[in-house]
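*Asks:* could you look at this predicted model? Sequence included:
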Amino acid sequence: MSKKEVRTVCAGLGFVGGAAHVPSFRKVPDSKLLGVVARKGRESERIAIQLKEKYGINVYYDWDAVCVDPNVDAVCIAVPTPDHYELAKRAIEGGKHVFLEMPMAPELQKAEELGRLAEGKGVVLMPILNFRHAPGYVKAKELLEVGAIGKPIALTFREFIAAEDLARQWPLSSWAWDIKKSGGYPDFTLSVWSLDMFRWFFKTEIENVKWAACYMPVEGVDSFKGYQTVGIIRLKNGVVGNLIYGSSVAKGQDTSRFEVFGNNGKTIVVDWSDKITLYGKGDEKELWKLEPKGPEVWGHKQLIAHFVQACLGKEKPEITYKDAIAAQKWSAKIVTDLI
Ligand SMILES: NC(=O)c1ccc[n+]([C@@H]2O[C@H](COP(=O)([O-])OP(=O)(O)OC[C@H]3O[C@@H](n4cnc5c(N)ncnc54)[C@H](O)[C@@H]3O)[C@@H](O)[C@H]2O)c1
């Protein structure tokens, strides 16, 4: 008898796991959140117990047991990047489908290894490249595909995170600033989503990215090093662009903006993930303001809905480890070129 629901255990209850994945696995169709993973005496245990009381789910302390538990169909891994490989490997070996945070592993060769292992085991291994489902990018892609800007010729992308916000999430002492363990600094980590988004958006590959970066403490923000990382990108379809990732701005100056320029003189601009503007001649412009909520804002919930259907064999996985590698190899170039 074919399965009707996917029973998932989530590991990693921090910034993204706790806020986006756990609530989404509870809510998307055909999904049952069985429980969450905690480590004794750590912050994750306090959060896990709260979730257990709130939702009546299980708390698991032993990952190896989760990986061989016949009641578990899938796992979500949103622990720090240095632990992705080990946790994912054991889950795949246990025959579980895996929803895996990005970067998949600090080294590309380990990401490839996980991908091949999953293929061999016949399980879904889906890297969490959620920008593909962010409502603003989805709408912008629809506009591109109906020819609203003619042929795309150039792009700009800017992602500024406020220094005090990033310092709270990933202080200098955290795994995110440990190049050896994580594969790079936060600019390496955070650029993978947009680099993947460009490949999906333009249906092409990245031909090259040249990077320049500056890392410097930010006045008034303790235990923190900022980054300003600039890329010049060329896609295989001829589109050229500039990228800037920054974490040195004050609160209120955080931005996310994606602009696509077409050969008919029109431009699509996506601000954050919900405001889309199509600029034409003179004052001519059309505006869409979408209203996604919670984990829908950056596409997490939508991707989880797709992952669940892929585990049930009802949808073909639209993102694979090959996509993760195709994006991550250009993020990794920040490290090999500059640091
Ligand atoms: N998809 C996205 O939008 C997005 C956004 C931010 C971060 N990320 C990625 O998600 C991952 C986690 O980032 P974060 O900012 O949420 O991290 P975080 O440090 O805020 O949280 C990590 C969580 O994992 C738990 N944990 C750590 N090691 C564990 C282990 N071995 N077993 C079980 N639990 C463990 C911690 O207790 C904590 O709950 C990273 O790979 C990061 O690159 C993805």
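*Replies:* Ah, there it is.
*Asks:* give me the pLDDT value at the residue of the stretch 101-250 of the chain found nearest the ligand.
*Replies:* Proximity of the stretch 101-250 of the chain to the ligand (Cβ to the nearest ligand atom) peaks at Glu101, 3.7 Å away. The way it works is simple: take the backbone N, C-alpha and C, and place the C-beta from them, glycine included. According to the model's per-residue confidence, Glu101 sits at a pLDDT of 98.
*Asks:* what about it, how many neighbours?
*Replies:* A count of neighbours around Glu101, defined by other Cβ atoms under 10 Å, yields 22.
*Asks:* now it: how far from Arg116?
*Replies:* When Cβ to Cβ, to the nearest Å is applied, the distance between Glu101 and Arg116 equals 19 Å.
*Asks:* repeat for Pro103
*Replies:* 17 Å.
*Asks:* quick one: which of the two has more around it?
*Replies:* A count of neighbours by other Cβ under 10 Å puts Pro103 above the other of Pro103 and Arg116, at 27 against 13.
*Asks:* Phe188 is in contact with the more buried one, correct?
*Replies:* Yes - taking contacts as Cβ atoms under 8 Å, Pro103 lies within contact range of Phe188: 7.4 Å.
*Asks:* ok, the residue of the stretch 201-339 of the chain found nearest the ligand - contacts?
*Replies:* When scored by Cβ to the nearest ligand atom, the stretch 201-339 of the chain has Trp298 as its residue closest to the ligand, at 5.7 Å. Each residue near Trp298 by Cβ atoms under 8 Å, 6 or more residues apart in numbering is listed here: Ala20, Asn130, Phe131, Ala134, Ser273.
*Asks:* for it, which non-adjacent residue is spatially closest?
*Replies:* Nearest-residue entry for Trp298: Ala134, 5.1 Å, with adjacent residues in sequence omitted and distances by Cβ to Cβ, 6 or more residues apart in numbering.
*Asks:* ditto for Lys329
*Replies:* In space, Lys329 comes closest to Leu108 once its chain neighbours are excluded; the distance is 5.8 Å by Cβ to Cβ, 6+ apart.
*Asks:* what of Ala154?
*Replies:* Nearest-residue entry for Ala154: Phe261, 4.4 Å, with adjacent residues in sequence omitted and distances by Cβ to Cβ, 6+ apart.
*Asks:* wait, Ala88 touches Leu125, no?
*Replies:* Yes - in this structure, Ala88 is within contact of Leu125 by Cβ under 8 Å, at 7.3 Å.
*Asks:* what's the pLDDT at the residue nearest to Lys329?
*Replies:* 97.
*Asks:* wait, the residue nearest to Trp298 sits on Asp271?
*Replies:* No - with contacts defined as Cβ under 8 Å, Ala134 does not count as touching Asp271, sitting 11.8 Å away.
*Asks:* give me the more crowded residue out of those two.
*Replies:* Neighbour comparison, Ala134 and Asp271: the larger count goes to Ala134, with 27 against 15 (by other Cβ under 10 Å).
*Asks:* can you map out the strands along the stretch 101-250 of the chain?
*Replies:* Along the stretch 101-250 of the chain, the segments classed as strands by DSSP state E, counting those that start in this stretch run 125-127, 152-162, 206-216, 226-235, 240-249.
*Asks:* switch these over to TSV; also include mean pLDDT, distance to the ligand and mean neighbour count.
*Replies:* Formatted as TSV, the strands of the stretch 101-250 of the chain follow (pLDDT from 0 to 100; distance: least, Cβ to the nearest ligand atom, whole Å; neighbours: other Cβ atoms under 10 Å):
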stretch	mean pLDDT	distance to the ligand	mean neighbour count
strand 125-127	99	9	27
strand 152-162	98	10	19
strand 206-216	96	18	15
strand 226-235	97	15	20
strand 240-249	97	13	20
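*Asks:* export the ones you listed to CSV and tack on distance to Lys289?
*Replies:* Shown next, in CSV, are the strands of the stretch 101-250 of the chain (distance: least, Cβ to Cβ, whole Å):
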stretch, distance to Lys289
strand 125-127, 30
strand 152-162, 20
strand 206-216, 30
strand 226-235, 28
strand 240-249, 24
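*Asks:* enumerate the residues of the protein near the ligand.
*Replies:* Applying Cβ under 6 Å from any ligand atom, one finds that the chain approaches the ligand through 11-17, 37, 39, 42-44, 78-81, 83, 101-102, 128, 130, 169, 189, 298.
*Asks:* which of the residues you listed fall in strands?
*Replies:* Counted as lying in strands by DSSP state E, out of the residues of the chain next to the ligand, are Ala11, Val37.
*Asks:* first vs last residue of stretch 146-164, how far apart are they?
*Replies:* According to Cα to Cα, to the nearest Å, stretch 146-164 extends 41 Å from its N-terminal end residue to its C-terminal end residue.
*Asks:* do stretch 2-12 as well
*Replies:* Where stretch 2-12 begins and where it ends lie 29 Å apart, using Cα to Cα.
*Asks:* give me the number of residues near the residue nearest to Lys329?
*Replies:* Leu108 has 18 neighbouring residues, counting by other Cβ under 10 Å.
*Asks:* give me the three-state assignment for the closest residue to Ala148 other than its chain neighbours.
*Replies:* Nearest residue to Ala148, sequence neighbours excluded (Cβ to Cβ, 6+ apart): Leu278, at 5.7 Å. State at Leu278, reduced to three classes by DSSP: H, G, I helix; E, B strand; the rest coil: strand.
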